[in-house]
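J.: Here's a sequence, model it:
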Amino acid sequence: MADLFDTGAKVAAKTQPLADRLRPKTLSEVIGQEQVLGPDSPLGVMLAAGSLSSLIFWGPPGVGKTTIARLLADETDLQFVQISAIFTGVPDLKKVFEAAKIRRQNGQGTLLFVDEIHRFNKAQQDGFLPHMEDGTILLVGATTENPSFELNAAVLSRAQVLVLERLSLADLERLAQRAETELGKPLPLDPEARAALLEMADGDGRALLNLIEQVGAWSVEGKLNTEALGKRLMRRAAQYDKSGDSHYNLISALHKSVRGSDPDASLYWFARMLTGGEDPRYLARRITRMAVEDIGLADTHAHRVCLDAWETYERLGSPEGELALAQAVIYLALAPKSNGAYVGYKAAMKAAKQTGSEPPPKHILNAPTSLMKDQGYGDGYSYDHDAEGGFSGQNYFPDGMKRGVYYTPVERGFERELKKRVDYFAKLRAQRQT
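T.: Residues are numbered from 1 along each chain as shown. Reported below is the predicted structural model:
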């Protein structure tokens, strides 16, 4: 009977997924995340002091959020309870809290791990607060979305947010070596194909182990090259949520690459968004905004290039129309940059809000009625076309308001010419007023 039991255990172990078989048994076995687990890191300091607070793990899939939470429970002698916000409703939460209360009365604490915690609505998130405060549970939440946007301020104020990063290629290589030891054989890949396999995982340790499990099951002679590997394995789809954090991170990267006059980086982030499934119309709108905000009057043709590219996309559709958008991105990256108009507009808006009730000076008001003429409307107005040089230099700001200077052109592109004009009129204005 004992032999049968041992045989069954061995068979079960073999059928267990490789990712589960290689799950770390202690925190020291976790690969990567030194910024969270090192001796001087937040968790390292907490564990050394024997005082663990509620936590929010923020990071992409497959970087160890669940594993670290489970090991923290072992390190602190807490009962590990795991739930998912996707499958857990209010009745289920009540049962979890009641069980934790009973456990606490019996001298056992509870580490409640909530996967996808951002999926809970505000009311559900508020339900955790009293149990966190009275010590019934120690909450460890996991999220792939920015906690600043997705979690209640009350929850965030009672928990420390720890950022977990995607695994580096060096981390993935260590994980691959550990997997080969578990499998008892090396992967049948040449060095280039091995590097390609690590790239396929895209920083996701779980994804890498799943890929390795497939490769390890193949019966091949010799070692496969990159081409052969590509035929047998599909590249893992890039992580991209068109309404989530990845969306905002990538559009920020594209915008700043354009602003930084780097056409190669700009094309890369543009391509990343397209391959992630981003709507090209959204990109067309955003690059047009870049032309207005960051190129402005330094290149008055830039926004026209964007609008033409946008129209071309509407006529051609995908994928041909996307090339027109790519050309617009390159044009913007290489165009002279100025935010003078953008800064001037914002400054004028601020001044308008502060002086919103001030009327225009009477000399620039029309006087279509005799009453308005009697009130002084239009008195003293100088018709600029009749003035010397076509410029009167009159005041057009409200009476008593200090003249504002909002638009300051830069010495780049077409704005060099505009700066000459601004300086010219400023000099004339000073002469006229004296």
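
J.: For Arg285, which three-state class applies?
T.: Put simply, Arg285 is helix when judged by DSSP: H, G, I helix; E, B strand; the rest coil.

J.: Now do it: how many residues are near it, please.
T.: Close neighbours of Arg285, defined as other C-beta atoms under 10 Å, add up to 12. Heads up, the C-betas are built off the backbone N, CA and C, glycines and all.

J.: Listing request: residues of the stretch 201-350 of the chain with sub-threshold pLDDT.
T.: 234-245 (pLDDT under 70).

J.: How about Ala100: what's its closest non-neighbour residue?
T.: Distances taken as C-beta to C-beta, 6 or more residues apart in numbering place Thr110 nearest to Ala100, at 4.1 Å, with adjacent residues excluded.

J.: And Gln33, by the same measure?
T.: Closest to Gln33 by C-beta to C-beta, 6+ apart is Leu164, at 5.6 Å.

J.: Over to Arg281?
T.: Once flanking residues are discounted, Arg281 sits nearest to Tyr313: 7.4 Å by C-beta to C-beta, 6+ apart.

J.: my guess is that neighbour meets Ala284, correct?
T.: Yes. Tyr313 is within contact range of Ala284, at 5.9 Å (criterion: C-beta atoms under 8 Å).

J.: Quick test: name the residue nearest the centre of the chain.
T.: Taking C-alpha atoms, centre = their mean, the centroid of the chain lies closest to Asn249, which sits 2.7 Å from it.

J.: got any residues that touch both of Tyr313 and Ala284?
T.: Leu325 (C-beta atoms under 8 Å, 6 or more residues apart in numbering).

J.: quick one: what helix or strand has Ser338 in it?
T.: Using DSSP states H and E, Ser338 sits within no helix or strand.

J.: State the distance from it to Pro319.
T.: 33 Å (C-beta to C-beta, to the nearest Å).

J.: what's the answer for Glu145, then?
T.: 30 Å.

J.: Same drill for the two, tell me which one is more crowded.
T.: Glu145 (18 against 9).

J.: Can you tell me, leaving aside adjacent residues, what's nearest to that one?
T.: Closest to Glu145 by C-beta to C-beta, 6+ apart is His118, at 4.7 Å.

J.: Contact partners for Arg158?
T.: Ser54, Leu129, Met132, Glu133, Leu139.

J.: Just the terminal-to-terminal distance for stretch 294-310.
T.: End-to-end distance of stretch 294-310 (C-alpha to C-alpha, to the nearest Å): 18 Å.

J.: re earlier: so the residue nearest to the centre of the chain is in which element?
T.: Counting by DSSP H and E, Asn249 is found in helix 245-259.

J.: Please apply the same query to Ile83.
T.: Assigned by DSSP H and E, Ile83 falls in strand 79-84.

J.: quick one: strands adjacent to that strand?
T.: strand 110-115 (parallel) (DSSP bridges).

J.: The helix or strand following the strand it pairs with - what's its average pLDDT?
T.: Note on strand 110-115: by DSSP H and E, the next helix or strand toward the C-terminus is helix 122-126. Averaging pLDDT along helix 122-126 gives 89.

J.: Restrict helix 122-126 to CA atoms and write it as CSV.
T.: Extracted as CSV, the C-alpha positions of helix 122-126 are listed here (Å, rounded to 0.1, in the frame of the first residue of the first chain):
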residue,chain,number,x,y,z
LYS,A,122,-15.6,51.6,-3.7
ALA,A,123,-18.2,50.1,-1.3
GLN,A,124,-16.5,46.8,-1.4
GLN,A,125,-13.1,48.3,-0.8
ASP,A,126,-14.5,50.3,2.1
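
J.: mean confidence score for the longest helix anywhere in the chain?
T.: Determined from DSSP state H, the single longest helix within the chain is helix 415-433. Averaging pLDDT along helix 415-433 gives 89.

J.: The residue nearest to Arg281: what secondary structure?
T.: Following three-state DSSP, the label given to Tyr313 is helix.

J.: what's the burial count for it?
T.: 21.

J.: next one: Gly64
T.: 25.

J.: Please tell me I have it right and it contacts Glu29.
T.: No. Judged on C-beta under 8 Å, Gly64 makes no contact with Glu29 at a distance of 10.4 Å.

J.: Domains in this protein, by residue range?
T.: 33-163, 169-232, 245-334, 359-433 (automatic domain parsing).

J.: nearest to Val343, of the ones you listed?
T.: domain 359-433 (7.3 Å; C-beta to C-beta).

J.: how long is that closest one from one end to the other?
T.: 22 Å.

J.: do the same with stretch 289-299
T.: 14 Å.

J.: list the buried ones in it?
T.: If you call a residue buried by 16 or more other C-beta atoms under 10 Å, then stretch 289-299 has these buried ones: Met290, Ala291, Val292, Glu293, Asp294, Ile295, Gly296, Leu297, Ala298, Asp299.

J.: can you check stretch 345-359 too?
T.: Tyr345, Ala351.

J.: List the buried residues of the helix or strand just after the strand holding Ile83.
T.: Using DSSP H and E, the helix or strand that follows strand 79-84 in sequence is helix 90-105. By neighbour count on 16+ other C-beta under 10 Å, the buried set for helix 90-105 is Leu93, Val96, Phe97, Ala100, Arg103, Arg104.

J.: Repeat that for stretch 393-401.
T.: Gly393, Gln394.

J.: Stretch 73-90 now?
T.: Ala73, Glu75, Thr76, Leu78, Phe80, Val81, Ile83, Ala85, Thr88.

J.: which one of these sits closest to Glu213?
T.: Nearest to Glu213 among the buried residues of stretch 73-90, with distances taken as C-beta to C-beta, is Phe80, at 25.5 Å.

J.: Setting aside sequence neighbours, what's the nearest residue to the closest one?
T.: Ala73 (3.7 Å).

J.: what's the spacing between that neighbour and Lys65?
T.: 13 Å.

J.: The helix or strand containing Phe149: which residues count as buried?
T.: Here Phe149, judged by DSSP H and E, is contained in helix 147-150. When burial is assessed from 16+ other C-beta under 10 Å, helix 147-150 yields the following buried residues: Pro147, Glu150.

J.: Would you pull up how far that helix lies from the middle of the chain?
T.: 11 Å (C-alpha atoms, centre = their mean, to the nearest Å).

J.: next structured bit after that helix?
T.: helix 153-157.

J.: Which of the residues in that next one are classified as buried?
T.: Val155.
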